[in-house]
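Asker: Provided below for reference: sequence and predicted model.
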Amino acid sequence: TTTTTTAATSPVEAIIDPGDVLPDPASSAAEEQHSSLTIFFILLVMVFCLLMVHLIIKFKFHYLPESIAVVFLGAIIGLFMKLMQHFHLGNWTDSEELNPTTFFLILLPPIIFESGYSLHKGNFFQNLGSILVFAILGTALSALVIGGGICLLGQAGIAYQLSVVESFAFGSLISAVDPIATLAIFQALDIDPVLYMLVFGESILNDAVAIVLTTSIMSLDSPENIAKSSEMLFLTGVGTFCLTFVASAALGFLFGLASAVILKHVDLRPTPSLELGMILVFSYLPYGLVEGLKLSGIMAILFCGITMSHYTHHNLSPVTQITVQQVFRTMAFIGETSVFVYLGLAIFSFQHEFEASFTIWTIVLCLVSRAVNIFPLSFLLNYFRDHKITPRMQLIMWFSGLRGAIAFALSLHIQFVEERRHVVITTTLILVLFTILIIGGSTMPLMKCVGSGEHSKRKQKEVTFSKTEEMGATVEADHLSELTEEEYEVNFVKPNLKGFVKLDTKYLIPFFTRRFTTEELIHGRTHMRLLTNQWYSSVRGPSDTDDDNCEL
């Protein structure tokens, strides 16, 4: 009987598992149509955002942060869609949802990588120890204060109650800071570069630390940890965080070094498209591996970005160096703008659960936790620093702890009970808007009140809160480096260097970066001049180019 049945079975039936069910063509077509409308919606909103940022820069609305403008635009679009739904003119509710997979796999990695890639500025490595203390230990202290306060206030019946794990997860996600308004004022007033680097460096690393800390705490809510005592849960959480942080950072660092070695010994400069392709691949490569190992891909690409900026970038041709800067900035801008637009959309389109006492106490705890972060750690660090962190600098650092896109995006994807999730998202939304509008708007008056006059003798620049105008309008000359061996020795190898900076300058940079011959430098400059002439020729015509070659 078995033989007869087998013989009667067609070849197609033999290779198809009876349990497999082919997708319904109608449902597939509907899903494809929905995805197309979603893509159209996102791109159309992005067009409006780009035009609005352009108008802000063109008409010099320098005191309006573009993030706030994008939030307001999102709120207007959200209100318009709410009215359309109310009058039954269409329902775009599904299209305006921010999918968790989209955020963590597409939007967030470029933001974090570009942050690490921009850390070549100034004296980052000279202040690396202090930045790590503020970013790691400070963020953990901040999360501990907020989480502990929320938990105790909830148990006392003073504020909305969350569980222990939920309280500390909320404290971790709300510890992600985004001091773009403060940094813009720093640059305009020529503030002490050490202060700028401490705030800038901490904010970059802080995002990744907050993400890892939130993920580590949420993992404590798994079934295998239910029977553990509070002490064991605490130790498990600390161990998970430390392992995730160190392992992820180490893997990202190794990927960055690997890219530097490859591009040092494989000369791709004659083909910039291959150079750019290699950089783009390595910028995302560690994320896939580290996430597959159940570690933190965000932490990996952050340290990969720092390493590639410090070593790999200087092995690229001048054309690719410029291209890479603009490509990464554009990708990060698109990602951040998408999150801020969704933040605005959520004002009217999201189902809010407002708890007044919970929101007020959260704001108070954020200010207190920032103080616990900055003042005690600065006191300890001053024992080991030559350049002291003055009380005035500490006050400005405390006031610069604004909340931004990362905190809000994290609040959208925490797995709480539905009602508590809505309370947390609403509170985070209010907190982000409060810190950016109220605290961010008060930063300039505060700095004028506490200013010691160190910048009064300098000519102050025009203040602009536009991150796009500040970072994307020009090419950073200090990050376009082609040096010969002799030029490197004269300019960078100093006798008074110490610690990691000395090791890096004398051994690591020479090993991982290319030292160019004089002929290669001349070829690079000629190539850049040729490209400029070609552009000028296409605009003005070949006859004008021949006359103006000497000027170019």
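Answerer: The structure has been received and is ready for your questions. Numbers count the residues shown, from 1 in each chain.
Asker: Surely residue 269 and residue 317 touch.
Answerer: Yes: with contact defined as CB atoms under 8 Å, residue 269 reaches residue 317; the gap is 3.9 Å. Yep, even glycine has a C-beta here, placed from its N, CA and C like the rest.
Asker: Distance from the chain centre to stretch 67-83, please.
Answerer: 23 Å (CA atoms, centre = their mean, to the nearest Å).
Asker: Over to stretch 300-310?
Answerer: 12 Å.
Asker: Secondary structure element for residue 337, which one?
Answerer: helix 318-349 (DSSP states H and E).
Asker: elements contacting that helix?
Answerer: With contacts defined as 3 or more CB pairs under 8 Å, 6 or more residues apart in numbering; DSSP states H and E, helix 318-349 has these neighbours: helix 25-58, helix 66-86, helix 108-117, helix 272-292, helix 405-412, helix 418-434, helix 467-472, helix 518-540.
Asker: Show me what counts as buried in the helix or strand following that helix.
Answerer: Downstream of helix 318-349, the first helix or strand assigned by DSSP H and E is helix 356-381. Neighbour counts over helix 356-381 (16 or more other CB atoms under 10 Å) mark 358-359, 361-363, 365-366, 369-374, 377-378, 381 as buried.
Asker: what's in contact with the host helix or strand of residue 148?
Answerer: Element membership for residue 148 (DSSP H and E) is helix 139-155. Helix 139-155 is contacted from outside by 159-162, 164, 167-172, 174-175, 206, 209-210, 213, 217, 241, 358, 361-362, 365-366, 368-370, 372-373, 377, using CB atoms under 8 Å, 6 or more residues apart in numbering.
Asker: how far off helix 356-381 does the following helix or strand past that helix point, in degrees?
Answerer: Downstream of helix 139-155, the next assigned helix or strand under DSSP H and E is helix 164-173. For helix 164-173 against helix 356-381, the angle by axes from the mean of the first three to the mean of the last three CA atoms, to 10 degrees is 60 degrees.
Asker: got the angle for helix 164-173 vs helix 405-412?
Answerer: Using the same axes, to 10 degrees, helix 164-173 lies at 160 degrees relative to helix 405-412.
Asker: Report the rounded mean pLDDT for helix 164-173.
Answerer: Computed over helix 164-173, the mean pLDDT rounds to 88.
Asker: That one packs against which elements?
Answerer: If you count contacts as 3+ CB pairs under 8 Å, 6+ apart, helix 164-173 packs onto helix 139-155, helix 193-218, helix 405-412, helix 418-434.
Asker: With respect to residue 53, which of those helices lies nearest?
Answerer: Comparing these by their distance to residue 53 (CB to CB), the top pick is helix 405-412, with 15.0 Å.
Asker: Next, the angle from that closest one to helix 66-86.
Answerer: Going by the same axes, to 10 degrees, helix 405-412 makes 40 degrees with helix 66-86.
Asker: Outside of helix 405-412 itself, which residues are in contact with it?
Answerer: Residues contacting helix 405-412 (CB under 8 Å, 6+ apart): 67, 98, 100, 103, 107-108, 111, 170, 173-176, 178, 207, 210-211, 214, 336, 339-340, 343, 424-425, 428-429, 431-432.
Asker: are any of those residues buried, and which?
Answerer: 67, 98, 103, 107-108, 111, 170, 173-176, 178, 207, 210-211, 214, 336, 339-340, 343, 424-425, 428-429, 431-432.
Asker: Go through the helix holding residue 337 and flag the buried ones.
Answerer: So helix 318-349, judged by 16+ other CB under 10 Å, has buried residues 318-325, 327-329, 331-349.
Asker: do the same with stretch 272-289
Answerer: Here stretch 272-289 shows 272, 275-276, 278-279, 282-283, 285-287 as buried, counting by 16+ other CB under 10 Å.
Asker: Using PDB, write out the CA atom coordinates for it.
Answerer: Extracted C-alpha coordinates of stretch 272-289, given in PDB (Å, rounded to 0.1, in the frame of the first residue of the first chain):
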ATOM      1  CA  PRO A 272      36.300  56.000  -3.900                       C
ATOM      2  CA  SER A 273      33.100  54.100  -4.400                       C
ATOM      3  CA  LEU A 274      34.800  50.900  -3.000                       C
ATOM      4  CA  GLU A 275      36.300  52.900  -0.100                       C
ATOM      5  CA  LEU A 276      32.800  54.200   0.800                       C
ATOM      6  CA  GLY A 277      31.300  50.800   0.400                       C
ATOM      7  CA  MET A 278      33.900  49.300   2.800                       C
ATOM      8  CA  ILE A 279      33.300  52.000   5.400                       C
ATOM      9  CA  LEU A 280      29.500  51.500   5.200                       C
ATOM     10  CA  VAL A 281      29.800  47.800   5.500                       C
ATOM     11  CA  PHE A 282      32.100  48.000   8.500                       C
ATOM     12  CA  SER A 283      29.800  50.600  10.200                       C
ATOM     13  CA  TYR A 284      27.000  48.000  10.400                       C
ATOM     14  CA  LEU A 285      29.000  44.800  10.500                       C
ATOM     15  CA  PRO A 286      29.500  44.600  14.300                       C
ATOM     16  CA  TYR A 287      25.800  45.300  15.000                       C
ATOM     17  CA  GLY A 288      24.700  42.100  13.300                       C
ATOM     18  CA  LEU A 289      27.200  39.900  15.000                       C
END
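Asker: could you point out where the stretch 201-350 of the chain is predicted with low confidence?
Answerer: Scanning the stretch 201-350 of the chain for pLDDT under 70 picks out 223-230.
Asker: which secondary structure elements does the strand or helix carrying residue 245 contact?
Answerer: When elements are assigned from DSSP H and E, residue 245 belongs to helix 230-265. Using 3+ CB pairs under 8 Å, 6+ apart, the elements in contact with helix 230-265 are helix 193-218, helix 272-292, helix 297-310, helix 509-512.
Asker: from the chain's centre, how far out does the shortest one sit?
Answerer: Read that as helix 509-512. Its chain's C-alpha centre and that of helix 509-512 lie 27 Å apart, by CA atoms, centre = their mean.
Asker: Kindly report the same for stretch 364-377.
Answerer: Worked out by CA atoms, centre = their mean, stretch 364-377 lies 22 Å from the chain centre.
Asker: again with stretch 401-418
Answerer: Worked out by CA atoms, centre = their mean, stretch 401-418 lies 14 Å from the chain centre.
Asker: Quick check: phi and psi on residue 403?
Answerer: With angles defined as degrees, to the nearest 10, residue 403 sits at phi -100, psi 150.
Asker: same question but for residue 398, I mixed them up
Answerer: Dihedral angles (degrees, to the nearest 10) for residue 398: phi -60, psi -40.
Asker: right, and it touches residue 371 too?
Answerer: Yes: using CB under 8 Å, residue 398 is in contact with residue 371, at 5.6 Å.
Asker: between the helix holding residue 337 and helix 25-58, how many degrees?
Answerer: Using the same axes, to 10 degrees: helix 318-349 against helix 25-58 is 110 degrees.
Asker: and helix 318-349, how far out from the chain's middle?
Answerer: On CA atoms, centre = their mean, the centre of helix 318-349 falls 10 Å from the chain's centre.
Asker: try stretch 342-352
Answerer: 22 Å.
Asker: what's it in contact with?
Answerer: Counting by CB under 8 Å, 6+ apart, 70-79, 81-82, 93, 96, 98, 405, 408, 422, 425-426, 429, 432 sit against stretch 342-352.
Asker: excluding its backbone neighbours, what's nearest residue 217?
Answerer: residue 169 (4.6 Å; CB to CB, 6 or more residues apart in numbering).
Asker: what's that neighbour in contact with, if anything?
Answerer: Contacts of residue 169 (CB under 8 Å, 6+ apart): 147, 214, 217-218, 414.
Asker: do residue 165 as well
Answerer: Contacts of residue 165 (CB under 8 Å, 6+ apart): 217-218, 220-221.
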